[in-house]
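Engineer: Sequence and predicted structure are below.
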Amino acid sequence: MHKGEVRDGMGDTEHNDVRVRFAPSPTGYLHVGGLRTALFNYLFARSKGGTFVLRIEDTDQKRSIPGAVENLTSTLKSVGLHYDEGPDIGGDYGPYVQSERTDLYRKYVNQLVESGDAYYCFCTEQRLEELRDRQRKMHMAPMYDGKCRSLTPEDVEKNLAAGIPAVIRLKYPRDGKTVFSDVVRGKVAVDNSVVDDQVLIKSDGYPTYHLANVVDDHLMKISHVIRGEEWLSSVPKHIFLYRALGWDLPIFVHLPLLLNTDRSKLSKRQGDVAVESYLEKGYLPEALINFIALLGWHGSDDREVYTLKELEEVFTLERINKAGAVFDIEKLNWMGGNYVRKSALDVIADTSQRYFEEAGIDVGDREKYLKVIDVAREYVPALAQIVEHAVMFYRRPEFDEEQTALAAEDTSQRLYAYWIEALRSHDLWSKDELTELTKKAIGELEIKGKQFYFPLRLALYGNTHGPDIPTVIDILGMEESIKRLEAARIA
């Protein structure tokens, strides 16, 4: 088994019962790449009537952050990805937190040592660092040189008895190739000579990702391993572990990289990558999910707008792309704006209310507030921006130098005088009547186009661009509209 070529097909079983998992580390926020991985696992499980598992991989205790698990589970639920088994809801294959499963890993690593598929390594960190430095200077990939591979059982026992710190490494074959199939990548072949003797158990007794991942995926009966492309190079190690432990292989599915617009790998350095941040900015969860779903997957046609339920029905692994997917914020904004405009007005109003409260704006007049939201949502991709396009309905505008000059022009002053007199002639105006008044004013004053709309909108709304005049006056009411027009007049 350890010599020559190691092969597998698309898994050793038919996998009639689909079980998939999202297995993040609790090291901070949920990355948008993590959300994409969780989403694709979720969609595949739902499309096949299978099970979606959340597992927390916290074996790197130094990097684990208090509260990260709670934030992660909350974020998944807030975007509608409800898992079937997990640390907070349980299931038949728990615990679902790796730090609570350490005895299991010790059992299987002992089995690997006994079978000769793993070995104790007593090299100090200083020696390993010196080794890596030499390899880098020689332009070689940093790898363990196998110094402890040939230690005798007596040497191992002596070192352990002396209390010398040790790790346990995978004893990977040096010759031949490992050939495996991936749903997205097809056939992949890796020279065994470039695969490192991976540490399986660290000196602190905790397993590395590689051992814990394989053990947990087997014991939790995971049928399909769907994860990011960055883990593709780890598959040979994992296949070796499955084979050494006598276990069937899952089906591997490696998702394409997420890229910045300059085609570099998506990273925190070049933009916001935290899902929580996008939610805090007021991007609707439905829009974010729709956008993320199209990062590396496409439907059978050119359609771009899907509800989560629709995605559950049409998602297939075969439509995942090989090429990296660009995280285009402009497309997200287009998607976000589309959902803001098409969602129920009451829902948008209720969800937006916190941003008005934070800005100190009283929106107690519900009828007016709904009208304001209906106008302002036309201009925003995310709800945190809605106050910017609504504040002028609650606070009188203040003009800069250029705007003051526009308001002072003769045509502007004639407009203001005309509208003040006209609005005072009736107590109530319908929007239709205000539309007719607009047409009448254009004809009687012989002012049209920008010279008509810009000064009028400026006085009422605080900006030369915005909603139509009847809509603005209808929201402000007659009394406030007249006061704003009078404030723009020069005595």
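Structural biologist: Yes, it's here. Nothing here was measured: the structure is a model prediction, and the numbers come from that model. Numbering: from 1, shown residues only.
Engineer: from the middle of its chain, how far away would stretch 164-173 be?
Structural biologist: The chain centroid and the centroid of stretch 164-173 are separated by 36 Å under Cα atoms, centre = their mean, to the nearest Å.
Engineer: please begin residue numbering at 13 from this point
Structural biologist: I'll keep to 13 as the first residue from here, and by that count the last item is stretch 176-185.
Engineer: First residue to last residue on that stretch, what's the distance there?
Structural biologist: Stretch 176-185 has an end-to-end distance of 26 Å (Cα to Cα, to the nearest Å).
Engineer: Can you give me the buried ones in that stretch?
Structural biologist: Using 16 or more other Cβ atoms under 10 Å as the burial criterion, the residues of stretch 176-185 that qualify are 178-185. Where you see a C-beta, it was placed from the backbone N, CA and C, and this is true even at glycine.
Engineer: Excluding chain neighbours, what is closest to Arg389?
Structural biologist: Here the nearest residue to Arg389 in space, its sequence neighbours aside, is Val352; by Cβ to Cβ, 6 or more residues apart in numbering that works out to 4.9 Å.
Engineer: Let's verify that neighbour: helix, strand, or coil?
Structural biologist: Assigned state for Val352: helix (three-state reduction, DSSP: H, G, I helix; E, B strand; the rest coil).
Engineer: residues near it, how many?
Structural biologist: Neighbours of Val352 under the rule other Cβ atoms under 10 Å: 26.
Engineer: Likewise for Asp313?
Structural biologist: Each residue near Asp313 was counted by other Cβ under 10 Å, and the total is 7.
Engineer: Quick one: residues contacting it.
Structural biologist: Contact partners of Asp313, counting by Cβ atoms under 8 Å, 6 or more residues apart in numbering, are absent.
Engineer: next one: Val359
Structural biologist: Neighbouring residues of Val359 by Cβ under 8 Å, 6+ apart: there are none.
Engineer: element containing it?
Structural biologist: Per DSSP states H and E: Val359 is located in helix 357-370.
Engineer: Give me the next element, helix or strand, following that helix.
Structural biologist: Using DSSP H and E, the helix or strand that follows helix 357-370 in sequence is helix 378-388.
Engineer: and the helix or strand following that next one, which residues are buried?
Structural biologist: Proceeding C-terminally, helix 378-388 gives way to helix 413-420 as the next helix or strand, assigned by DSSP H and E. Buried residues in helix 413-420, defined by neighbour count with 16+ other Cβ under 10 Å: 415, 418-419.
Engineer: do stretch 382-397 as well
Structural biologist: Counting neighbours by 16+ other Cβ under 10 Å, the buried set in stretch 382-397 is 382-389, 391-397.
Engineer: now swap in stretch 285-304 and tell me
Structural biologist: Within stretch 285-304, the residues that qualify as buried by neighbour count (16+ other Cβ under 10 Å) are 285-288, 290-291, 294-304.
Engineer: just stretch 122-139 next, same as before
Structural biologist: By neighbour count with 16+ other Cβ under 10 Å, stretch 122-139 contains the buried residues 124-125, 129-135.
Engineer: swap in stretch 201-208?
Structural biologist: Result for stretch 201-208 [16+ other Cβ under 10 Å]: buried residues 202, 204, 207.
Engineer: Which ones among the buried residues of stretch 285-304 map onto helices?
Structural biologist: Of those, the ones assigned to helices by DSSP state H are 287-288, 290-291, 297-304.
Engineer: so where's this protein uncertain?
Structural biologist: Low-confidence regions of the chain, defined here as pLDDT under 70, cover residues 13-28, 280-283, 503.
Engineer: how about a cut-off of 50?
Structural biologist: Scanning the chain for pLDDT under 50 picks out the ranges 13-27.
Engineer: So which of the buried residues of stretch 201-208 is the closest to Val338?
Structural biologist: Taking Cβ to Cβ as the measure, Val202 is the one of the buried residues of stretch 201-208 closest to Val338, at 27.7 Å.
Engineer: quick check, the closest one in a strand?
Structural biologist: Yes. Assessed by three-state DSSP, Val202 belongs to a strand.
Engineer: what sits opposite it in the beta ladder?
Structural biologist: Here Val202 sits in beta bridges with Thr190, going by DSSP bridges.
Engineer: circling back to that earlier point, would you tell me which one of the buried residues of stretch 382-397 comes nearest to Asp29?
Structural biologist: Comparing these against Asp29 with Cβ to Cβ places Ala394 closest, at 39.6 Å.
Engineer: So what does the closest one have for phi and psi?
Structural biologist: According to degrees, to the nearest 10, the main-chain angles of Ala394 amount to phi -150, psi 150.
Engineer: Do I have it right that it meets Gly294?
Structural biologist: Yes. Contact criterion Cβ atoms under 8 Å: Ala394 and Gly294 qualify, at 4.0 Å.
Engineer: Appreciated, that's everything.
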